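Asks: Let's see this in three dimensions:
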Amino acid sequence: MKETVTGYIGHRSRMKEKYEKAGLKGWLDYEVLELALSYAIARKDTKKTAKELLSRFKNLNGVLDADYKELQGVRGISKHSALFLKLLKDISGFYMENNLHSRDLLSSPQLIYDYLKVSLKGLADEEFKMLFLDNRNQLIAMEAIKNGTVNQIIVFPRTIVEQALYHHAAGVVISHNHPARSLEPSREDMDITKAIKIALKTVEITLLDHIIIGGNEYFSFKESSIDF
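Replies: This next block holds a predicted model:
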């Protein structure tokens, strides 16, 4: 038993030294997970657990996108370690959200796309995000609406207008995810986009874009040939 304990402690130390010297460059997904889990799971070799996670969820992104209750279905993953893995993704989203501030987002649209992919990718249900920009195209505020209100074509545009006026926004970017990963905008997507654009125009606020997130890709109404 003593040799086993000494073995995994030594292995953890070597992983941390490797990370300290060169970061994660060249690491495999299971190695990244193994190191991360070592901070959440005490007194246990985490390599096997990391590989079981990848067997279930295919890759590192799949693990971080998984619901914490699904993660607990993997042997060796407690509620504590499942929440730790979800925290890793949420921290990365928070980091990217902070990068949106004090930037001309229309001149740096990739920042928006990258943030939304981290924020909305992998969600089991549809979620709608609204980014409110000032007249310099800088982020003022961000709001999220869970599924339920989005398809109410009369109520939902009014909600966006109210929030845009509250934040004194000059422009709005809207986005939602397609859990089925299809990027093709539905008829409902196009109808709600037009309704929101018209509603915002009545108070002299511009709808700048509607972005759909599906898997690792996105669809931008602004970049497409769709007249919105």
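Asks: For the one helix or strand S55 maps to, name the packing helices and strands.
Replies: Taking DSSP states H and E as the definition, S55 sits inside helix 47-57. Helix 47-57 sits against helix 29-38, helix 60-65, with contacts defined as 3 or more CB pairs under 8 Å, 6 or more residues apart in numbering; DSSP states H and E. C-betas here are computed from N, CA, C, even on glycine.
Asks: So which residues make contact with the longest one?
Replies: Meaning helix 29-38. Outside of helix 29-38, the residues within contact range by CB atoms under 8 Å, 6 or more residues apart in numbering are 12, 15-16, 19, 24, 46-47, 49-51, 53-54, 59-60, 63, 81, 84-85, 88.
Asks: Would you mind listing the buried residues in that helix?
Replies: Of the residues in helix 29-38, D29, Y30, E31, V32, L33, E34, L35, A36, L37, S38 count as buried by neighbour count, 16 or more other CB atoms under 10 Å.
Asks: Also the shortest one?
Replies: Going by neighbour count (16+ other CB under 10 Å), the buried part of helix 60-65 is L60, N61, V63, L64, D65.
Asks: Next, A170: phi, psi?
Replies: With angles defined as degrees, to the nearest 10, A170 sits at phi -100, psi -20.
Asks: Could you find the closest non-adjacent residue to it?
Replies: Nearest residue to A170, sequence neighbours excluded (CB to CB, 6 or more residues apart in numbering): N135, at 4.1 Å.
Asks: That neighbour: neighbouring residues, count only.
Replies: N135 has 10 neighbours, counted by other CB atoms under 10 Å.
Asks: same deal with the one 4 residues further on?
Replies: The local packing of L139 (other CB under 10 Å) involves 22 other residues.
Asks: ok, what's across the strand from it?
Replies: L133 (DSSP bridges).
Asks: what would the helices and strands packed on helix 47-57 look like in TSV with distance to Y218?
Replies: Shown next, in TSV, are the helices and strands packed on helix 47-57 (distance: least, CB to CB, whole Å):
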stretch	distance to Y218
helix 29-38	23
helix 60-65	15
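Asks: Outline the domain layout of this protein.
Replies: 2-94, 100-220 (automatic domain parsing).
Asks: deepest of those, which one?
Replies: Most buried of those, by mean neighbour count (mean count of other CB atoms under 10 Å): domain 100-220, with a mean of 17.
Asks: What average pLDDT does it get?
Replies: Computed over domain 100-220, the mean pLDDT rounds to 88.
Asks: distance between it and the chain's centre?
Replies: Offset of domain 100-220 from its chain centre (CA atoms, centre = their mean, to the nearest Å): 14 Å.
Asks: ok so, going back, what is the nearest of the buried residues of helix 29-38 to F221?
Replies: D29 (33.7 Å; CB to CB).
Asks: Now do the closest residue to that closest one other than its chain neighbours, the pLDDT please.
Replies: Closest residue to D29 apart from its sequence neighbours, by CB to CB, 6+ apart: L60 at 4.2 Å. L60 is assigned a pLDDT of 94 by the prediction.
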